[in-house]
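S.K.: Quick one, fold the following:
(chains A and B)
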Protein chains: 2
Amino acid sequence: MIETIGFDADDTLWHNEILYLRAQEAFQELLVPYAPPGKALDELHRTELQNIPLYGYGIKGFALSMIETAIRLSDGRTTAAETARILDIAKEMLRAPVQLLDGVREVLAALAPDYELVMITKGDLLDQELKVARSGLGPFFRNIEVVPEKNPEIYLEILDRLRIPPQRFLMVGNSLRSDILPLVSLGAHAVHIPYDITWEHEAVELGTGQAAGYAELEQIGLLPGFVQELSMQLGGKDGS
Amino acid sequence: MIETIGFDADDTLWHNEILYLRAQEAFQELLVPYAPPGKALDELHRTELQNIPLYGYGIKGFALSMIETAIRLSDGRTTAAETARILDIAKEMLRAPVQLLDGVREVLAALAPDYELVMITKGDLLDQELKVARSGLGPFFRNIEVVPEKNPEIYLEILDRLRIPPQRFLMVGNSLRSDILPLVSLGAHAVHIPYDITWEHEAVELGTGQAAGYAELEQIGLLPGFVQELSMQLGGKDGS
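M.R.: This is a model prediction of the structure:
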């Protein structure tokens, strides 16, 4: 039986990628004097990847990587005004209102009476806490876990600490690499709900769905029905 | 009886402030063409305080505030090389080895057999997790809590979640504002161990010590003796 459902947050409960896409567009425009747009974006991604061990995930690290990339691409000619514009882009991202994906509130309201819900999200602690507060979704969740990285060890630590047996846990998220595969490897259940756009670094080659031990849904509105079916399968014919 | 001891980390278990002081010195030197050192530092503190609601605490936010301050103080004349130098200062901070305060390892080793230890630290999640890992102190702690802010509500949430009654909890830290006063207000015990240097924003006017409901120790090496005495007081004459 499923007792606890874990939710990724960024691009599973609320839009996030779109903020980065807009910021990247603004960044590319800003760098037009120094580099063609495609090149600026490639270089930015390269810088971000290099800096992940030091900066982790989140808007502040992204901002520092934009500034570093601008300096490199301009051969040291970036002006203070250009750097200031990058700071503004970052502050706009940090101040952006939280936009829930369609149906999220209804789905959580439908599941909360029957399942314990936990949020497991990667990123800057403050960023994520601010977004939880602004989203109004906090009360649906028993626990909100902000983690620096999503891998089997970290999921196992959370499940242990909350005393959740993996086989009674279902994780829901948009990233195969971060939300799905680590759980499959632990013997937990997982539902992949792809977001329209997924950041390069998150992309993983994989045969889809059931054969690989997880399910794929087109949108979160389908989740309550899926959970009910899964519970019936796991619970036997009586569905209890 | 005391059952659980909470430790602040930065400037209680390991040196941290010193990294910021060195960075501030480097920053002031860098800005000499634009502003006298004292003014550069004042402006930096002002920028940091303004940005705390967006950036929180931690090195990445500090770096972004340094860049912003440099642009403002130079009237938009900061060069890319100067901005690059600020990025380097931040990366040096993030890469800096963790230096434990004198006696920390021995004190934790002495307390760990008799008390549950938890670490409660404020700042960037990744920064703090990296420091825990580099410090080698992780195994002494039952739990490591990285929080975006330290106030009575957040401490109460942690104590509730870990099922620790406040009157059986002793918090140890260098900041009256963050580590001591919130716990006193909750009816928990607290030990203040001042660090040589405390950041302006942390300073709080207060009559000292016992009258205010907490104890003050000169250095962490005195903690095991203090805890033993406190336990005897709380446990009555037999000291059990």
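S.K.: ok, residues contacting the lowest-mean-pLDDT helix or strand in chain A?
M.R.: Lowest on mean pLDDT, DSSP states H and E among the helices and strands of chain A sits helix A:125-135, with a mean of 88. Outside of helix A:125-135, the residues within contact range by Cβ atoms under 8 Å, 6 or more residues apart in numbering or on different chains are A:9, A:13-14, A:58-60, A:94, A:97-98, A:100, A:119, A:121, A:138, A:144, A:146, B:55-56, B:124-125, B:146-148. From N, CA and C alone the C-beta is placed, and that goes for glycine too.
S.K.: and the angle for the top strand by length along chain A with helix B:125-135?
M.R.: Taking DSSP state E as the criterion, chain A has its longest strand at strand A:116-122. Relative orientation of strand A:116-122 and helix B:125-135, computed by axes from the mean of the first three to the mean of the last three Cα atoms, to 10 degrees: 80 degrees.
S.K.: Which is the succeeding secondary structure element to the helix or strand hosting A:M93?
M.R.: A:M93 belongs to helix A:80-95 when assigned by DSSP states H and E. Counting by DSSP H and E, the next helix or strand C-terminal to helix A:80-95 is helix A:104-111.
S.K.: starting at the chain centroid, how far to the helix ranked longest in chain A?
M.R.: Longest helix of chain A, by residue count under DSSP state H: helix A:37-55. Chain-centre distance of helix A:37-55: 18 Å, with Cα atoms, centre = their mean, to the nearest Å.
S.K.: neighbouring contacts of that helix?
M.R.: Helix A:37-55 is contacted by residues A:24, A:27-29, A:31, A:34-35, A:61-62, A:64-66, A:68-69, A:72-73, A:200-201, B:60, B:91, B:94-95, B:126 when judged by Cβ under 8 Å, 6+ apart.
S.K.: which of the residues you listed are buried?
M.R.: By neighbour count, with 16 or more other Cβ atoms under 10 Å in any protein chain shown, the contacts of helix A:37-55 hold A:24, A:27-28, A:31, A:34-35, A:61-62, A:64-66, A:68-69, A:72-73, B:60, B:91, B:94, B:126 as buried.
S.K.: Next, the buried residues of the longest helix of chain A.
M.R.: A:A40, A:L41, A:E43, A:L44, A:H45, A:T47, A:E48, A:N51, A:L54, A:Y55.
S.K.: okay, these in JSON lines with distance to B:R163 and pLDDT next?
M.R.: What follows is those, written out as JSON lines (distance: Cβ to Cβ, whole Å; pLDDT from 0 to 100):
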{"residue": "A:A40", "distance to B:R163": "52", "pLDDT": "97"}
{"residue": "A:L41", "distance to B:R163": "49", "pLDDT": "97"}
{"residue": "A:E43", "distance to B:R163": "50", "pLDDT": "98"}
{"residue": "A:L44", "distance to B:R163": "46", "pLDDT": "98"}
{"residue": "A:H45", "distance to B:R163": "45", "pLDDT": "97"}
{"residue": "A:T47", "distance to B:R163": "44", "pLDDT": "98"}
{"residue": "A:E48", "distance to B:R163": "40", "pLDDT": "97"}
{"residue": "A:N51", "distance to B:R163": "39", "pLDDT": "97"}
{"residue": "A:L54", "distance to B:R163": "36", "pLDDT": "92"}
{"residue": "A:Y55", "distance to B:R163": "35", "pLDDT": "93"}
